[in-house]
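Student: turn this into a structure:
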Amino acid sequence: MTDSPLDLSALTDVIPGPTPEVRERLTARLQTLIESEQQGRVEPRGRWQQVSWTHRAVVIAVAAAIVVVFFVPLPHVSLFHSLVAPAKVTPTNTPIVASARVTPIEVTGAGGYLWMLGTYPCSTGTCSVIMRSSDSGKSFVRTGTLPAADYRIEFANREDGYAFGSGGPLNESRLYWTGDGGKTWRFALAGFRYSPPQVVVITDGRAYVLLSTNCSAKGACKSVQLASSLVTSDTWTTRRVPLTVSEAELQFGWTAFGSNVWLLLTSVSNAHLLVSHDGGRTFSKLTPGGYLGALGCNLTATSSSTLWGFCATGNGGYAIRSTDGGRSFVSVRTPGGLSNYVLIYPTSDSEAIFYPDSGDMWLTRDGGRHFTSPLRIPHSSEYNCEVAFTSAKTWLVLGFSGYRPNIPYLMWRTTNAGRSWQTVNAPRVPTTSSTVKPTGVVTGVVQACEGVAVPAGEILRMKVKVSLYSGSKRVASETVVWGTKYRFSVSPGTYRVTGWWGSKGVTVRAGRAVTDNFWNACV
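Tutor: Numbering: from 1, shown residues only. Purely as a prediction, here's the structure:
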């Protein structure tokens, strides 16, 4: 059978091509090729020759279309582009997804996890964020936010924790509880004794808080109660602590370990200790041996028998340690020279980190007889540091802004009890906004004079609360250490900066920084 001439004109509309003119040229070219083939030599029929010319034409047309689409540089040929290019989106309808660097404020550890409280710039100015690390500080993930501005955190495990702070019209201290890592918070208690670092003591699955009761308008309280709850719930039991009215008004150190609770009351000439072995149901009073003359002492327990502490005198201070449950204390040489404020972070009965205010870190592994410096902090006088533990060997150190403006934070971690260290970068959080709003900055340094009444030993580390108001609405708030810098990033407008010194009006312009320093404001 002889193939008859094939007319491809009917296929013009189905051959792929960008325009009718291009498709017509392809059809004509294919018709010429086919007619030339039909007039040539007749070869033995293979698999290709056995196929009808109609099928051959379709195959040739498809092949030609592929050549045109992908290789022929015809103007405005956009089939390939339309296949791979993303769809056009109107910018005004698409959120802008970016990330913001977190500025760490506080770190803590519990149950094999590290927790970080920080702030980051957001569309409303400055937002708080709570982050958790499950890999010894290599990385952090966002878990929640604070229930109120300017609060601190303490966690018991992966999900259960507390946020606490003071504020409001009466500057009342408030405690919140979370059971989901900070996603949601429930108000728990008000009126507790806010005297960092001892606010919430967590031990053996329970949380303990001291509540001041029968308080006057000036803040003088006549009695103290001990409140406790399982960390997995928000059900609190309160019991009165056997203190006199004058004792209840004093600053005193306290701690707990298991069912043991200690309260250490000191004066310049004497000291006595209240001890409970049943979770605060009953207390006994004893006079501990050793020198404990001080304006106030803090305590931390690492077992039912070992207590660590630091006592402030107003003219320097000294560390103390007990190995018999508080019956007697011995003084521990404070490394790094004389200091009126030393933070002690015990990791065991014999091992502890000593951090003198704005100094280097020191480590003892033998109960305070000898010290080494496990971490040299550059420009240590410009930093304040905090230490968090996930275990006896895994630590995270945060160095935050000190006395020099615009100083960056520092973070290190160790997984071998301080024998080697790695730096830690600031985590980032995703931020989404439909528009980018212009912002300005209000910043300054706050310093109090020594005439301010603060708890014993707190002069050099006194924390000052700075707030920013727009009319009657508080838009930002931050608590900074005496002599350090506050910073608010807000939308342009007129604001009022307030604190214990009073208030100042400021005008914020986009892309500009307004500086208001509060130096010796009480003189």
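Student: bridged to V261, which residues?
Tutor: On the basis of DSSP bridges, V261 is bridged to A256, S276.
Student: how close does it get to Y486?
Tutor: 37 Å (CB to CB, to the nearest Å). Every C-beta, even on glycine, is put in place using the N, C-alpha and C of the backbone.
Student: of these two, which one has the most company?
Tutor: V261 (27 against 24; other CB atoms under 10 Å).
Student: how is this protein partitioned into domains?
Tutor: Domain segmentation of the chain under automatic domain parsing yields 9-85, 250-373, 437-515.
Student: the second one - what's its average pLDDT?
Tutor: For domain 250-373, mean pLDDT is 90.
Student: same check on stretch 120-127?
Tutor: For stretch 120-127, the per-residue pLDDT averages 83.
Student: contacts for that stretch, please.
Tutor: 100-103, 119, 129, 145, 429, 431, 433, 437, 439, 468, 475-476, 478, 488-491 (CB atoms under 8 Å, 6 or more residues apart in numbering).
Student: buried residues, that stretch. List them.
Tutor: By neighbour count on 16 or more other CB atoms under 10 Å, the buried set for stretch 120-127 is Y120, P121, C122, G125, T126, C127.
Student: tabulate the residues you listed (CSV), appending secondary structure.
Tutor: Listed next are the buried residues of stretch 120-127 as CSV, based on DSSP: H, G, I helix; E, B strand; the rest coil:
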residue, secondary structure
Y120, strand
P121, strand
C122, strand
G125, strand
T126, strand
C127, strand
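Student: and which of those residues is nearest to Q422?
Tutor: Closest to Q422 out of these is Y120 (23.3 Å), distances taken as CB to CB.
Student: could you find the closest non-adjacent residue to that closest one?
Tutor: A100 (4.2 Å; CB to CB, 6 or more residues apart in numbering).
Student: same deal with G368?
Tutor: In space, G368 is closest to V332, 3.6 Å off (CB to CB, 6+ apart).
Student: the one you found - how many residues pack around it?
Tutor: 22.
Student: which strand residues bridge it?
Tutor: A319.
Student: list the contacts of it.
Tutor: Counting by CB under 8 Å, 6+ apart, V332 has contacts Y318, A319, I320, R321, T364, G367, G368.
Student: quick one: the helices in the stretch 51-200 of the chain, in order.
Tutor: 53-71, 79-84 (DSSP state H, counting those that start in this stretch).
Student: least confident of those, on average?
Tutor: Among those, helix 79-84 scores lowest, with a mean of 34.
Student: didn't F140 look like it was pressed against A426?
Tutor: No: look at F140 against A426 with CB atoms under 8 Å: they stay out of range, at 9.1 Å.
Student: identify the contacts common to the two.
Tutor: V102.
Student: what about the two, which has more around it?
Tutor: F140 (25 against 15).
Student: the more buried one and T313, how far apart?
Tutor: Going from F140 to T313 by CB to CB gives 39 Å.
Student: ok so S381 is a helix residue?
Tutor: Yes: judged by three-state DSSP, S381 forms part of a helix.
Student: what's around S381, how many residues?
Tutor: 12.
Student: now S246
Tutor: Under the criterion other CB under 10 Å, the count of neighbours that S246 has is 8.
Student: which element, helix or strand, includes it?
Tutor: helix 245-248 (DSSP states H and E).
Student: who's in contact with T143?
Tutor: T143 touches I130, M131, R132, G181, G182, K183, counting by CB under 8 Å, 6+ apart.
Student: mind running it again at 10 Å?
Tutor: Residues in contact with T143, defined by CB atoms under 10 Å, 6 or more residues apart in numbering, are 113, 115-116, 129-132, 155, 158-159, 161, 178, 180-183.
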